[in-house]
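*Asks:* sequence and predicted structure, then a few things I'm wondering about:
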Amino acid sequence: MSPRRARVTFALLVTSMTVVDVAVFCFGRWINDIQRQELFWVVAEYAQPWATLCFVIVVLLAAFAFWRATFAANLAASKRVAYIGFAGLVSLLSAIELGMGIYYDHIRGEFRISELMLERTHLEFRHTTDDVFVCADLNGFFTWRLNENAVHPRLLPLPLDDGALKAKLSSGTCRGPETP
């Protein structure tokens, strides 16, 4: 591959990857903002500036992997494509995860973890007109227990902006199995 062609390929790869990742990340955050405007949803997401910082680092690492694969002289074409595809996939999946939202409707007793508009977790809790019956153990970093259901609110070791969500989940009434 000629140096000029390699530079053009590299520029196109990095530009397209960055545009797609930024669009996915911003779309996820936009969905969270729309849900937050609804009166009955409490929304949590990865805290700023950690989410944006992690996003920038992942995009830069993917760009570096693209650069290494594009300009490596002794790399076979199939390996070059595999490295570029893997780096692009990791970058895209990171953007999707960083744009995820955790939603809790304290009126209907509905809990969701969604990435973009795809639900990763959906729980519905028993409720009456007065209260939602939720026993919440929110002390775990990667795992929470809600009415004996294990949920994984985060896949990355970043802090969540989840104060309001934890307050709403903890305000439910815990009932034992013998209590109706």
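*Replies:* Sure thing, it's come through. Numbers count the residues shown, from 1 in each chain.
*Asks:* from residue 145, how far out is residue 111?
*Replies:* 12 Å (C-beta to C-beta, to the nearest Å). Backbone N, C-alpha and C define where each C-beta goes, glycine included.
*Asks:* neighbour count winner among those two?
*Replies:* residue 111 (27 against 14; other C-beta atoms under 10 Å).
*Asks:* average pLDDT for stretch 85-93?
*Replies:* The predicted model gives stretch 85-93 an average pLDDT of 93.
*Asks:* what does stretch 56-76 give?
*Replies:* Per-residue pLDDT values over stretch 56-76 give a mean of 88.
*Asks:* residue 31 against residue 117, yeah?
*Replies:* Yes - here residue 31 lies in contact with residue 117, judged by C-beta atoms under 8 Å, at a distance of 6.6 Å.
*Asks:* who has more neighbours out of these two?
*Replies:* More neighbours surround residue 31 than the other of residue 31 and residue 117, with 20 against 8 (other C-beta under 10 Å).
*Asks:* spit out the contact partners of that one.
*Replies:* The contact partners of residue 31, by C-beta atoms under 8 Å, 6 or more residues apart in numbering, come to 99, 101, 114, 116-117.
*Asks:* any low-confidence regions in this structure?
*Replies:* Of all residues in the chain, those with pLDDT under 70 make up the ranges 1, 128-131, 172-180.
*Asks:* centroid-nearest residue for it?
*Replies:* Among the residues of the chain, the one closest to the centroid is residue 97, at 2.3 Å (C-alpha atoms, centre = their mean).
*Asks:* so residue 141: helix, strand or coil?
*Replies:* Taken by DSSP: H, G, I helix; E, B strand; the rest coil, the conformation at residue 141 corresponds to coil.
*Asks:* find the nearest non-adjacent residue to residue 18, please.
*Replies:* Nearest residue to residue 18, sequence neighbours excluded (C-beta to C-beta, 6 or more residues apart in numbering): residue 59, at 5.9 Å.
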